[in-house]
Structures are given as C-alpha cells and as structure tokens.
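[1] Here you go, sequence then predicted model.
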Amino acid sequence: MHRILVPIDSQDPESWQYALAYADKIAEQTSQRADVILLIHTKQQLDRTSLAGHIGTTAAKALSKGKSIQLQSGANLSVKTLKTTGQTYEGGIIIAFFADETLLNAVDDLRGLAGAIAVPDLPGDCDQWVARWNAIVHGQQQSASTPLISDPIIDAALSSLIGMVNPTTGIGHPRDKQLADETLRILRSKNHTLDPEAIKSWAIQKGWRSDSASDLARLASKIQSLKSKPSLSKIHNPQRRYDSWLD
C-alpha cells in the first residue's frame, strides 16, 4: 500500500492539486480503475474551509450532497467523513484532508486500500503516521525504514503478547488486559523503557485497530510513569516469561 504525505499548507490550492496527482499516480499502478475517497472530519469542511475553493464550488456542493464526481483521470471522487466511513475499500485511494491523528487513525483502520495521501491540518500533525509507515513525504527523499521499537526484548515481549490476543478486540477482554499488564510490568521491572507512541504504532503495524492500539499505549504510559519498579509478586513465573523473550 502506498502512503504519501503532502506537507503543503492546506490553505494552499497546491495541496489539493498534489494530492490528486498522487492519487492518479497510484491509480495508474492498480489493475482496475480505483475510486478516490476524500476523507474529512465533517461535511461542513466542504463549504466552510479553503477545501471548497480548491475543489471548486459546484463540485464541492455535489460532493456535499453525497454525489460523486469524475476526475480528469476518469476515477470517481466521493466524500466520506469520520461518521460515514466504512471498514473496507478494496483498491480504493484515500485522500485524508486536514489530516490529524484522529483522521489518520481512521485511515489505518480501513482495509483493502491501494493508497492513502495525507494533507495535514497543521505542521507536525502527521509525523507519527509518517514514522509508523515510513511514508513518502512530498519533496523529500524517502529515508531507510527503521524499527519502531529498537529494543529487541520489548519487541519479543509484545510479539508474544499479540500472539495470544485477538487483534480485533485488543486488550478489551479482562484476561487479555491482565496479560498485557503483566507483560509491561515485567519489562518495566527489568529497566526497559516503554514508549507509548512507539507501542501504539507498532501494534497498528501488526494489524490492531487504532483504538485497541491506543488502549495498549495508555496502559504502557501508566506503567512507565510508576515512580518505582512494579511488584511482580502476583505474576506467575515472571522470570521464566522474561527469559523466553531473550531467546
């Protein structure tokens, strides 16, 4: 899947032009004509922001009414919001405009996409997303991919955890939350530093929904912020579990 950031001020018409150009380029590489979906927070952004001017008043009104319009490439453009987005867009291309963490979490939860282009609301709003996927940044040379979690013990521990947890529910079940809590407490007691943002991105990379990944990140933040090492007295065989991550 192609992931691209267009770091141009969303007030600048070029931000929309470049986003469309990238969508067309991705569409050319797909085996069938791909639909382009403009993802925004609310439909009001089609008539109360600069986006309407970028798209054109007539086209913006049509999109706001739920109609699709045909782009010069022949692809159809339609609009979805956080309330109307589904779960699967097989072969579709998303343009997340006024993108921030909330909008990009929704993008990451979609399945079957051929590509996603993000135009940030404010500078820095998409930094975590770019790091998560090593996304292409318009105007910059793509850097080499680096692991989100550089500590191999944390990586091994979390890999063991997600192997025992349903990715669709994350740590929503009490037993799964207990297992995650124990895993993170063992790591913290062994002086490993828990980075909540990195853990969230790592979990999303592994197929967790963004809300489940956020739950895990919040738990990691809570345990990392403890003033002293957590007690392991109530955890069964913590040393054996830790040793298994060293293999």
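    All right, it came through fine.
[2] Can you tell me what sits against the helix or strand of the chain with the lowest mean pLDDT?
    Among the helices and strands of the chain, strand 69-70 carries the lowest confidence by mean pLDDT, DSSP states H and E, at a mean of 89. For strand 69-70, contacts defined as C-beta atoms under 8 Å, 6 or more residues apart in numbering pick out A59, A62, L63, N76, L77. For the C-beta atoms, the positions are set from N, CA and C on the backbone; glycine is no exception.
[3] between those residues, which is nearest T146?
    Lowest distance from T146 to these (C-beta to C-beta) belongs to L77, with 34.7 Å.
[4] what's near enough to touch that closest one?
    D35, V36, I37, L38, L63, S68, I69, Q70, L71.
[5] helix, strand or coil for it?
    Following DSSP: H, G, I helix; E, B strand; the rest coil, the label given to L77 is strand.
[6] cool, the one 3 residues further on as well?
    When classified by three-state DSSP, K80 comes out as strand.
[7] Test of understanding: give the bridge partners of it.
    On the basis of DSSP bridges, K80 is bridged to L39.
[8] Relative to D181, how far out is it?
    As for K80, its distance to D181 is 36 Å (criterion: C-beta to C-beta, to the nearest Å).
[9] Break down this protein into its helices, ranges please.
    Applying DSSP state H to the chain gives helices spanning 13-28, 50-55, 57-64, 101-109, 127-133, 152-162, 174-189, 196-205, 210-224, 238-246.
[10] What are the buried residues along the shortest one?
    Residues S50, L51, A52, H54, I55 are the ones in helix 50-55 that count as buried (16 or more other C-beta atoms under 10 Å).
[11] Now do the contacts for the second one.
    It refers to L51. S10, W16, I40, Q45, A60, F97, F98.
[12] Neighbours of Q44, how many?
    Using other C-beta atoms under 10 Å, Q44 is surrounded by 11 other residues.
[13] The one 4 residues further on too?
    R48 sits with 10 neighbouring residues when counted by other C-beta under 10 Å.
[14] which residues touch it?
    Counting by C-beta under 8 Å, 6+ apart, there are no residues that R48 touches.
[15] Also H173?
    N166.
[16] got JSON lines for the contacts of L51, with pLDDT, neighbour count and distance to K190 too?
    Listed next are the contacts of L51 as JSON lines, based on pLDDT from 0 to 100; neighbours: other C-beta atoms under 10 Å; distance: C-beta to C-beta, whole Å:
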{"residue": "S10", "pLDDT": "93", "neighbour count": "21", "distance to K190": "44"}
{"residue": "W16", "pLDDT": "96", "neighbour count": "21", "distance to K190": "49"}
{"residue": "I40", "pLDDT": "96", "neighbour count": "21", "distance to K190": "45"}
{"residue": "Q45", "pLDDT": "93", "neighbour count": "19", "distance to K190": "47"}
{"residue": "A60", "pLDDT": "92", "neighbour count": "22", "distance to K190": "55"}
{"residue": "F97", "pLDDT": "97", "neighbour count": "28", "distance to K190": "44"}
{"residue": "F98", "pLDDT": "96", "neighbour count": "21", "distance to K190": "42"}
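[17] I'd like these as CSV, with distance to L226 appended.
    Shown next, in CSV, are the contacts of L51 (distance: C-beta to C-beta, whole Å):
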residue, distance to L226
S10, 40
W16, 46
I40, 40
Q45, 41
A60, 50
F97, 40
F98, 37
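[18] ok, back up a step: quick one: buried ones out of the contacts of L77?
    Buried members of the contacts of L77, counted by 16+ other C-beta under 10 Å: D35, V36, I37, L38, L63, I69, L71.
[19] List the residue ranges of the protein that fall below the pLDDT cut-off.
    For the chain, the stretches with pLDDT under 70 are 31-33.
[20] redo that, cut-off 80
    Low-confidence segments of the chain (pLDDT under 80): 30-34, 72-73, 87-88, 167-168, 247.
[21] and G172, what does it touch?
    Residues in contact with G172 (C-beta under 8 Å, 6+ apart) are S212, D215.
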